[in-house]
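**Q** Kindly return the folded structure for what I paste below:
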Amino acid sequence: MNASRRAGATSRHAHRLVRVDRSLPPTVDQPVRTVVIGGGIAGMSAALLLAERGVKVTLLERDERLGGRLSAWPKKLADGSTQMVDHGFHAFFRQYYNWRNILRRVDPSLAFLRPAPHYPVVSREWPDEDFGGLPGVPPWSLLALMARSPSLRTREMRDVDGPTSLALLRYSRAETYREFDSMPAAEFLDRLAMPDRARTVMFDVFAHSFFNRATEMSAAEMIMQFHFYFLRNREGLDFDIPDDDYQSAIWAPLSERLRALGGQIRTSAGVDHIEPGWTVALTGGEQVPAEHVVLATDPASARAIVAASPSLPARLRTEMDTVGTTAPYAVSRVWTDRDVAAERAVFSGVAREPLLDSVSLFHRIERGSAQWARRTGGAVVELHAYAADSDIEAGPAARDMWSAIAGIWPEIPTLRAVDSDSRIGRDAPAFHVGSDATRPRVVTEADGLFLAGDWVRMPFPCALMERSAASGAMAVNAILGRYGVRPVQVYSIPPRGLLAGRRR
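**A** Got it, this is the predicted structure:
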């Protein structure tokens, strides 16, 4: 199948989670105002879907630009050219059904998404292992991986704990979290007793990509993510990548679409507090009235806004107090005088390095970086550490990550950096042990206030960008339901594991 059609087609594997009554009106028949706080994936998803249903939407973003952790901004290099940089590489997996449906608002075929043909995990200790190109249908995907992966040799897997491994195949929202949310992911992996290499390649690399340390992360959350990305995902582990920077490919066209629907976008508009009724008070004193509010910021900002809003219900304020930010991440983008080896994949996971977790080659992905590389003969290499120490600093982290990849790819020491951009991020959500019980849901006790983001408690498996988009869609349906308006469809992978018992 043509790559762009494969990326853009509505998957036959997507599970519909909402009964859409076509007899209901598609738009509101009265003036309805909603303020959406936060201009990332969750906020933009909610704003667009509401505007399509005739709701008057005001989208407020604290920063100068939209996007949250998916934002991009210009940087002037030493050679005088301007290049876009961002918070790090994002893989657009094909089971991100709800996020992809938002992106179809501006590109119905998703032609701007290019498939990544390989997904290797590299290490200085072992040969590369490629997780790309696996069959999409479980359990054949698992069997194919075991057949070809040197980390999963049958003779070495004999000591794996059977009952513990079955927990991965018996995922259910209620039972899994009841049994494993109080257990650290590291303890679950210890009980699993996989061979050292298999644990490193299959779980340590995987768990780190969610920015949470295994010693602090809920085992239930890790089981859900393994279920979502591998064990019940019929799309395989293949993913796609935008062919240009996020601002050009995503945020500019989505903003244009929202404004065309009558939505208002205000950047550099920080929110101080909210008052039931509803009034959103901006930093500086301006007040924005609305019938509904969707709070869709990063977890720390959402927690601060709720803490500054004493009129909100006590239970919501208590729940938000438990919403945490996880370990920081480090990103270092380096422009070099020469290219890396031709066989290097666009994206590679990295195993067994103290800091480095992935390497991305943006000159083989994005249009702007590719033009710079053609002009100079160089490369644009991005290094990423997902769950770093709390006292990490950008400069030392960049040097350590560059040293790590130099020990894996022999051509790296021959390259000279002509410019770089390094930063530390501290805005990813924590999924700490026991946190699911107090994690707030999309619909709150405050009548008319809804939550959205990758930190919100969700009733079906989803993560990262997809969790943001799906929670935004759920907030929209909660609002539309108040006016008897036709809901938007929400999608998921199969919500229960291959060996999960009958639903009680």
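**Q** Give the residue spans of the chain that score low on pLDDT.
**A** Filtered on pLDDT under 70, the chain yields the residue ranges 1-10, 132-158, 205-207, 502-504.
**Q** okay, now the domains of it?
**A** The chain breaks down into these structural domains: 3-67+245-321+438-492, 130-231, 329-425 (assignment by automatic domain parsing).
**Q** Tabulate these in TSV, adding columns for mean neighbour count and distance to Y96.
**A** C-betas here are computed from N, CA, C, even on glycine. What follows is the domains of the chain, written out as TSV (neighbours: other CB atoms under 10 Å; distance: least, CB to CB, whole Å):
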stretch	mean neighbour count	distance to Y96
domain 3-67+245-321+438-492	20	4
domain 130-231	18	10
domain 329-425	19	16
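**Q** Which of those domains sits closest to G501?
**A** Each of those has some distance to G501 by CB to CB; the shortest is domain 130-231, at 7.4 Å.
**Q** centre of the chain versus that closest one, how much separation?
**A** The chain centre lies 19 Å from the centre of domain 130-231; the measure is CA atoms, centre = their mean, to the nearest Å.
**Q** And the helices in the stretch 101-250 of the chain, which stretches?
**A** Along the stretch 101-250 of the chain, the segments classed as helices by DSSP state H, counting those that start in this stretch run 140-148, 162-169, 173-180, 185-192, 196-199, 205-208, 219-226, 246.
**Q** hang on, I meant the stretch 251-400 of the chain
**A** Listed in chain order (using DSSP H, counting those that start in this stretch), the helices of the stretch 251-400 of the chain are 252-260, 299-307, 314-321, 367-376, 394-406.
**Q** tell me which strands and helices the longest one is in contact with?
**A** Translated: helix 394-406. In terms of contacts (3 or more CB pairs under 8 Å, 6 or more residues apart in numbering; DSSP states H and E), helix 394-406 is packed against strand 329-336, strand 379-385, strand 417-425.
**Q** so what's M222 up against?
**A** Under the criterion of CB atoms under 8 Å, 6 or more residues apart in numbering, the contact partners of M222 comprise 185, 188, 203, 207, 210, 214.
**Q** Sorry, wrong one. I was asking about K56.
**A** 31-34, 262-263.
**Q** Using CSV, please lay out the residues you listed together with distance to R482.
**A** Converted to CSV, the contacts of K56 look like this (distance: CB to CB, whole Å):
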residue, distance to R482
P31, 14
V32, 9
R33, 13
T34, 11
G262, 20
G263, 19
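**Q** Among these, which ones are in strands?
**A** Using DSSP state E to define strands, the subset of the contacts of K56 located there is 33-34.
**Q** sorry, back to before: could you dump the helices of the stretch 251-400 of the chain into JSON lines with distance to H15 added?
**A** Compiled in JSON lines, the helices of the stretch 251-400 of the chain are given as follows (distance: least, CB to CB, whole Å):
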{"stretch": "helix 252-260", "distance to H15": "25"}
{"stretch": "helix 299-307", "distance to H15": "27"}
{"stretch": "helix 314-321", "distance to H15": "28"}
{"stretch": "helix 367-376", "distance to H15": "35"}
{"stretch": "helix 394-406", "distance to H15": "39"}
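**Q** quick one: which of those helices is nearest T267?
**A** When the helices of the stretch 251-400 of the chain are compared by CB to CB, helix 252-260 sits nearest T267, at 9.7 Å.
**Q** quick one: F230 and L237 touch, right?
**A** Yes. Counting by CB atoms under 8 Å, F230 touches L237, with 6.6 Å between them.
**Q** picking that back up, ok, which of the domains of the chain comes nearest H87?
**A** When the domains of the chain are ranked by proximity to H87 (CB to CB), domain 329-425 comes first, at 5.6 Å.
**Q** Can you check the distance spanned by that closest one, start to finish?
**A** Distance between the two ends of domain 329-425: 5 Å, counting by CA to CA, to the nearest Å.
**Q** Could you check how far it is from the centre of its chain?
**A** Distance, centroid of domain 329-425 to centroid of chain: 20 Å (CA atoms, centre = their mean).
**Q** do stretch 296-316 as well
**A** 22 Å.
**Q** try stretch 279-293
**A** Taking the mean C-alpha point of stretch 279-293 and that of its whole chain, the gap between them comes to 28 Å (CA atoms, centre = their mean).
**Q** what's the spacing between the longest helix seen in the chain and its chain's center?
**A** As assigned by DSSP state H, the longest helix anywhere in the chain is helix 464-481. Between the mean C-alpha location of helix 464-481 and the chain-wide mean there is a distance of 14 Å, by CA atoms, centre = their mean.
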